[in-house]
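> give me the fold of what follows.
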Amino acid sequence: MDEHPKKISNLTWEEFETQTDSSIVFYPVGSIEQHGPHLPLRTDSIIAEEFATRVADQVDGLVAPSFQYGYRSQPKTGGGEDFPGTVGLRGETIQHLIRDTISGLGDDGVERIVFVPGHGENEYPIREGIDLYLEDGGATEFMIAPWWELLSDEVRESVFSDVDGGFPGWPAEHAGVIETSLLMYFRPELVRTERISDDQANRSPAYSMKPAPADFIPDSGSFYKASHASAEIGERVSNDVLDAFVDGIENEWSVL
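Just a heads-up that it's a prediction; the model follows:
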């Protein structure tokens, strides 16, 4: 999808200028974070980019270059910063980068931007970046659409109906059934199927600790039963999320 004609980075300035007053810009925000021994470090970025590009196709939108780095990985939702390859940013850094990039898009006439987070920890730095922009007088309208929030209860329950223990909650689904299934569907060549494990933390209390006790974090970095993943599940999840995504955009902006 790198050559996709709706990606802003593939357009000339003239091509971009002719579309800014009518197009929604989708802004994927991911991370460079461990996702177990079977998924690549940029799993969150890939998923965000795929959803952004697919929904842009359906609503004739544009796709901004993705923000590849995310807020610091947290022990109970991603394993933390101690895993090799995991590189996190301070929230303040993300806030200002978001504010500056949306300011540039707004100055160019972009009226509507949809943020597509692929990394849960990014949501509040994104919100703060938008608030800083609006406090400075920016006029662009925004939607923040974490893909996991768009997944219907019906599809989520069907995915975990055959999994002993059922749905563990989104924090514990890191590198688990759904993320692995989405990568199997979107980018199967990047999934190390022979390395998939069913590891999980020894305990996961309702509270957090800093520094986190070692038994909060699975040794493999995979937090749930990824062996239940499949490309078929990934396709089902993707279709359901995209339907909800398009419905939300139509409800708010009546663009179709």
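> show me what counts as buried in stretch 152-160.
The neighbour-count check on stretch 152-160 (16 or more other C-beta atoms under 10 Å) flags 155-156, 159-160 as buried. Glycine gets a C-beta too; all of them are placed from N, C-alpha and C.
> and it, how far out from the chain middle?
19 Å (C-alpha atoms, centre = their mean, to the nearest Å).
> for it, give the mean pLDDT please.
Average pLDDT, stretch 152-160: 97.
> returning to what we had before: in helices only, show me the buried residues of stretch 152-160.
Of the positions in these, 155-156, 159 sit in helices, assigned by DSSP state H.
> measure the spatially most central residue of the chain to Glu128 for me?
Nearest residue to the geometric centre of the chain (C-alpha atoms, centre = their mean): Gly118, 1.1 Å. Distance of Gly118 to Glu128, computed by C-beta to C-beta, to the nearest Å: 18 Å.
> same check on Asp100?
Distance of Asp100 to Glu128, given as C-beta to C-beta: 13 Å.
> more neighbours, those two?
Ranked by neighbour count (other C-beta atoms under 10 Å), Asp100 and Glu128 place Glu128 first, with 17 against 12.
> any idea which element that one lies in?
Assigned by DSSP states H and E, Glu128 belongs to helix 123-135.
> thinking again about what came up before, where does the residue nearest to the centre of the chain land on pLDDT?
97.
> of all the buried residues of stretch 152-160, which comes closest to Leu132?
The closest of those to Leu132 turns out to be Arg156 (C-beta to C-beta; 33.8 Å).
> so who does Pro84 touch?
Applying C-beta atoms under 8 Å, 6 or more residues apart in numbering, we find Pro84 in contact with Gln34.
> what's the distance between it and Ser73?
Counting by C-beta to C-beta, the separation of Pro84 from Ser73 is 12 Å.
> overlap in contacts of those two?
Gln34.
> tell me the buried residues in stretch 178-194?
178-187, 191.
> what's the closest of the ones in helices among the buried residues of stretch 152-160 to Pro40?
Closest to Pro40, out of all of these and judged by C-beta to C-beta, is Val159, at 21.9 Å.
> hmm, the closest one is touching Arg236, no?
Yes - at 7.4 Å, Val159 counts as touching Arg236 under the criterion of C-beta atoms under 8 Å.
> which of the three states applies to Gly88?
strand (DSSP: H, G, I helix; E, B strand; the rest coil).
> from Pro213, how far off is it?
Counting by C-beta to C-beta - Gly88 and Pro213 are separated by 20 Å.
> of those two, who's got more company?
Neighbour count, other C-beta under 10 Å: between Gly88 and Pro213, Gly88 has more, with 21 against 12.
> residues contacting the more buried one?
31, 33, 69-73, 81.
> give me the buried entries from those.
So, by 16+ other C-beta under 10 Å, the buried ones in those are 31, 33, 69-73.
> before we move on, back to that, let's have the ones in helices among the buried residues of stretch 152-160 in a markdown table, adding distance to Gly104.
Listed next are these as a markdown table, based on distance: C-beta to C-beta, whole Å:
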| residue | distance to Gly104 |
| --- | --- |
| Val155 | 37 |
| Arg156 | 37 |
| Val159 | 39 |
